[in-house]
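**Q** Pasting the sequence and the predicted coordinates here, then a few questions.
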Amino acid sequence: INFNSIQDSFYTYYNKFAAEHLYRVVSGIESLVLGEGEILRQVKDSFNKSFELGMTGKIFNALFKFAIETGKKIRTETSIAHKKISTGSVVAKIATDNFEILSDKTALLIGAGKISKITAKNLKEKGIGKIIIVNRSFEKADILAKELDCIAMNYENMNNIINEAHIIIVCTGAPEYLLSRDNYYSNKPVLLIDLSMPRNIEPELSLTHNINLYDLDSLEKIVILNKEQQTEVVKEIELILAEEMLKFVEWYNRIDFYPVISFLSSLFEELSSSKVENIIKKFNLDDNDKKFIDIVTKAIIQKIIHYPVTNLKMTHDKELKKFYSEVLTNLFQKNTELESSMEANIKLYQIDSTEEIIITSFLGQQSNDIEMILDQERIKFTDFYNMIEFSPLVSSLSNLFEDIRYRESEKTIRKYKLNKNNEKIIYIATKDIIQKIINFVFTNLKIINDENLEKKYSDALTYLFQLDNKDSYQKYFRKKENSNTVLIKL
């Protein structure tokens, strides 16, 4: 095959975008027909063949394993699996739209692959009179014909029977036109459907008298789906995709630095789960609200972990790399006694100010509203408290995490068009998590009595989170918007 002749049919993705595209393909939302079932099997078969030939590596294997499992999960947990729609069913609908009666019509299928099989089944269900299958391999055509009670013919004899057909469906891997103005014409109305990529039927044939031609592009325009239902299904699938994509990213991030990254991931995940559960109980939230909070918190944690992961990878000195890992482990570990002492100071402020807040500003509000407002006030005070007590280093770290929190929250709010109440809940949940993570660093820095060691720890944090440039994280987001943490070599 001359690649130059078909290169316009291909497109290229890199890094996170390559992984996301694979996930969307196996989910069925990138298919011509939403949720088409064949695509997951095709991806799985292609991967298995590549694996058997030794053409895949560790990351590639993991990516496809995660993606294929995601495709299965989507078909199990969403309504997409209950839609009896495929390319074959759309073709059958076009046939019935073009011919009022199919029982006296003959369909010619050129190609004996899986899509041809599904198309033939759908045409038989619609009562087509006769189906003839031709293929370059007569054996494949014969096997399919016997299975579906059709007629198999040699490819070389196609010209002898082509004028008998009222419907001609082409689905092959041939790189050239099989039907063109040079080799085909019809003296009766005929329906041509080209399911091939690249095209196997010359587009100009549609200008010929008696010929009605559909290709993949025109098929897309006539797919009949309830638009509102489609939007809801896609929204449901994208929630799962975001969650499952993070699982692969987390795995990828742990490959080279599994102990320290696993430690941070587990710690942040435990913290996040605890905070989210508290918020859910406090405000009596439903499962849908929990989904949105989970998406935001996991994305925030992933972005935070990105910084040390990236900079550890760029550190070639083994001893320095070991020290950086030690710094991360020591500064982000729990120190319950000191944390409790700090939180006690904050709670004293809350107790003194609670009555005044309720009387002056929120009289008559529902109890849940008051709880939410108090949480917001506590967060404001904690920010103020941290500004006074925290070192410039921890303040810079806090600014970085806050920038991540704000961007990921806004992204989710815009994407899913969340209401004001959802926004407030996300604000409180994510703010609490960020403050807790900062508290880990703050409390553990306070117990270092060695000035020299404290300086080394501060320098390590500055390098690992790029805090020496106060705009570094903003530049990162401007340049790498939506790039996430994963760098995939495919």
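**A** Looks like it came in fine. Numbers count the residues shown, from 1 in each chain.

**Q** make it CA atoms for all contacts and neighbour counts henceforth
**A** Fine.

**Q** Show me the shaky parts of this protein.
**A** Scanning the chain for pLDDT under 70 picks out 1-3, 5-6, 32-33, 35-36, 81-86, 220-230, 253-254, 256, 335-391, 468-490.

**Q** Just the element for the nearest residue to residue 79 once chain neighbours are set aside, please.
**A** Excluding its sequence neighbours, the residue lying closest to residue 79 (C-alpha to C-alpha, 6 or more residues apart in numbering) is residue 233, at 6.8 Å. Following DSSP states H and E, the helix or strand that holds residue 233 is helix 227-253.

**Q** got the buried residues for that helix?
**A** 233-234, 236-238, 240-246, 248-253 (16 or more other C-alpha atoms under 10 Å).

**Q** all helices for the stretch 251-400 of the chain, in order.
**A** For the stretch 251-400 of the chain, the helices defined by DSSP state H, counting those that start in this stretch cover 258-283, 287-313, 318-331, 336-361, 367-389, 392-416.

**Q** what helix or strand is the closest residue to residue 51 other than its chain neighbours on?
**A** Leaving out its chain neighbours, the residue that sits closest to residue 51 by C-alpha to C-alpha, 6+ apart is residue 61, at 7.8 Å. Using DSSP H and E, residue 61 sits within helix 58-77.

**Q** And the contacts of that helix?
**A** Here helix 58-77 makes contact (C-alpha atoms under 8 Å, 6 or more residues apart in numbering) with 19, 22-23, 26-28, 40, 43-44, 47, 51, 80-81, 237, 240-241, 244, 247-248, 252, 488, 490.

**Q** Can you spell out which helices and strands pack onto the helix holding residue 233?
**A** Here helix 227-253 touches helix 15-27, helix 58-77, helix 287-313, going by 3 or more C-alpha pairs under 8 Å, 6 or more residues apart in numbering; DSSP states H and E.

**Q** ok, back up a step: could you check how far the residue nearest to residue 51 is from residue 128?
**A** 43 Å (C-alpha to C-alpha, to the nearest Å).

**Q** Out of these two, name the residue with the larger neighbour count.
**A** Ranked by neighbour count (other C-alpha atoms under 10 Å), residue 61 and residue 128 place residue 128 first, with 22 against 16.

**Q** what about that one, which SS state?
**A** coil (DSSP: H, G, I helix; E, B strand; the rest coil).

**Q** same check, this time on residue 134
**A** Residue 134 is classified as strand under three-state DSSP.

**Q** what sits against it?
**A** So residue 134 contacts 108, 109, 110, 111, 112, 141, 152, 153, 154, 155, 158 (C-alpha under 8 Å, 6+ apart).

**Q** what about residue 305, how many residues close to it?
**A** Residue 305: 20 neighbours (other C-alpha under 10 Å).

**Q** Please name the residues that touch it.
**A** So residue 305 contacts 261, 264, 265 (C-alpha under 8 Å, 6+ apart).

**Q** Could you do residue 298 as well?
**A** 246, 269.

**Q** how much space between it and residue 130?
**A** 55 Å.

**Q** again with residue 399
**A** 71 Å.

**Q** centre of the chain versus the very next helix or strand once past the helix holding residue 61, how much separation?
**A** Note on helix 58-77: by DSSP H and E, the next helix or strand toward the C-terminus is helix 87-98. Counting by C-alpha atoms, centre = their mean, to the nearest Å, helix 87-98 is centred 31 Å from the centre of its parent chain.

**Q** other SSEs contacting the next helix-or-strand element following helix 87-98?
**A** Per DSSP H and E, helix 87-98 leads on to strand 106-110 as the next helix or strand towards the C-terminus. Counting contacts by 3+ C-alpha pairs under 8 Å, 6+ apart, strand 106-110 is packed against strand 130-135, strand 167-170.

**Q** Turn those strands into TSV, columns for distance to residue 117.
**A** Shown next, in TSV, are these (distance: least, C-alpha to C-alpha, whole Å):
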stretch	distance to residue 117
strand 130-135	10
strand 167-170	11
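
**Q** Does the residue of the chain most remote from its centre lie in a helix or a strand, and which?
**A** Each residue of the chain has a distance to the centre, and by C-alpha atoms, centre = their mean the biggest one is for residue 187: 49.5 Å. Under DSSP H and E, no helix or strand contains residue 187.

**Q** need the contact list for it.
**A** With contact set as C-alpha under 8 Å, 6+ apart, residue 187 has these partners: residue 210.

**Q** What separation do you get for it and residue 157?
**A** Residue 187 is 20 Å from residue 157, by C-alpha to C-alpha.

**Q** Around residue 196, count how many other residues there are.
**A** The burial count assigned to residue 196 is 19, neighbours taken as other C-alpha under 10 Å.

**Q** Dihedrals phi and psi, it?
**A** Dihedral angles of residue 196 (phi, psi; degrees, to the nearest 10) stand at phi -90, psi 150.

**Q** ok, now which ones touch it?
**A** Neighbours of residue 196 in contact, by C-alpha under 8 Å, 6+ apart: 170, 171, 172, 173, 216.

**Q** switch to 10 Å and redo it
**A** 111, 169, 170, 171, 172, 173, 174, 175, 177, 215, 216 (C-alpha atoms under 10 Å, 6 or more residues apart in numbering).

**Q** May I see the residues you listed organised as a markdown table, with neighbour count added?
**A** Listed next are the contacts of residue 196 as a markdown table, based on neighbours: other C-alpha atoms under 10 Å:
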| residue | neighbour count |
| --- | --- |
| 111 | 24 |
| 169 | 25 |
| 170 | 23 |
| 171 | 23 |
| 172 | 23 |
| 173 | 14 |
| 174 | 14 |
| 175 | 16 |
| 177 | 13 |
| 215 | 20 |
| 216 | 16 |
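
**Q** how about a markdown table for the residues you listed, with distance to residue 88 added?
**A** Compiled in a markdown table, the contacts of residue 196 are given as follows (distance: C-alpha to C-alpha, whole Å):
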| residue | distance to residue 88 |
| --- | --- |
| 111 | 14 |
| 169 | 10 |
| 170 | 12 |
| 171 | 11 |
| 172 | 15 |
| 173 | 17 |
| 174 | 20 |
| 175 | 22 |
| 177 | 22 |
| 215 | 13 |
| 216 | 12 |
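
**Q** Identify, from those, the entry nearest to residue 443.
**A** The closest of the contacts of residue 196 to residue 443 turns out to be residue 216 (C-alpha to C-alpha; 61.0 Å).

**Q** Residue 429 versus that closest one, what's the distance?
**A** 46 Å.

**Q** One more: residue 247?
**A** Applying C-alpha to C-alpha, the value for residue 247 to residue 429 is 21 Å.

**Q** rewinding a little: now distance to residue 145 too, for the helices and strands packed on helix 227-253, in TSV please.
**A** Shown next, in TSV, are the helices and strands packed on helix 227-253 (distance: least, C-alpha to C-alpha, whole Å):
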stretch	distance to residue 145
helix 15-27	29
helix 58-77	30
helix 287-313	48
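
**Q** So for the helix or strand harbouring residue 147, what gets flagged as buried?
**A** Per DSSP H and E: residue 147 is located in helix 138-148. For helix 138-148, burial by neighbour count (16+ other C-alpha under 10 Å) applies to 138, 140, 141, 142, 144, 145.

**Q** Perfect, I'm done here.
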